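Undergrad: When you get a sec, could you give me coordinates for this:
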Amino acid sequence: MITVHLPLAAPGVIAGAMLGFARALGDFGITLMVAGNIPGHTQTAALAIYDAIQAQRDAQATGLALVLTVVAVTILYAANRLTPRVHDHR
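TA: Coordinates of the predicted model:
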């Protein structure tokens, strides 16, 4: 059963992971307004970068941004490699 369902669901699972990750990064403003910005409790990666920039810790902000960039590029690469190609031979 796993050999049939998982390969068929893989494109949807990968797309869902990518959209969830992008949505999580985009929730900067609403997280700041609703949950606050408590380091270690409600602080997201975007808020940590924002705090580092506000405190003029440019090296920390750059490091966090690079980590997020590497994660995003890795997910996109994996999605591209794991998604089956459909060749249209008309």
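Undergrad: Ramachandran angles for the residue most central in space within the chain?
TA: By CA atoms, centre = their mean, the chain has its centre lying nearest to residue 21, at 2.9 Å. The phi/psi pair for residue 21 (degrees, to the nearest 10) reads phi -60, psi -50.
Undergrad: Correct me if wrong: it contacts residue 71.
TA: Yes. At 7.3 Å, residue 21 counts as touching residue 71 under the criterion of CB atoms under 8 Å. (Each C-beta comes from the backbone N, C-alpha and C, glycine too.)
Undergrad: Just give the number of residues close to residue 33.
TA: 9 (other CB atoms under 10 Å).
Undergrad: Oh, that last question was meant for residue 85, not what I typed.
TA: Residue 85, neighbours per other CB under 10 Å, totals 5.
Undergrad: Got phi/psi on it?
TA: phi -90, psi 140.
Undergrad: Can you tell me how far it is from residue 9?
TA: Separation of residue 85 from residue 9 (CB to CB, to the nearest Å) stands at 18 Å.
Undergrad: Could you look up the SS state of the residue lying closest to residue 35 once chain neighbours are set aside?
TA: Spatial nearest neighbour of residue 35, excluding adjacent residues (CB to CB, 6 or more residues apart in numbering): residue 42 at 4.1 Å. Secondary structure state of residue 42, per DSSP: H, G, I helix; E, B strand; the rest coil, is coil.
Undergrad: same deal with the one 4 residues further on?
TA: Assigned by three-state DSSP, the conformation of residue 46 is helix.
Undergrad: Can you verify my assumption that it contacts residue 27?
TA: Yes. With contact defined as CB under 8 Å, residue 46 and residue 27 form a contacting pair (7.5 Å).
Undergrad: Compare those two and say which is more crowded by neighbours.
TA: residue 46 (19 against 14).
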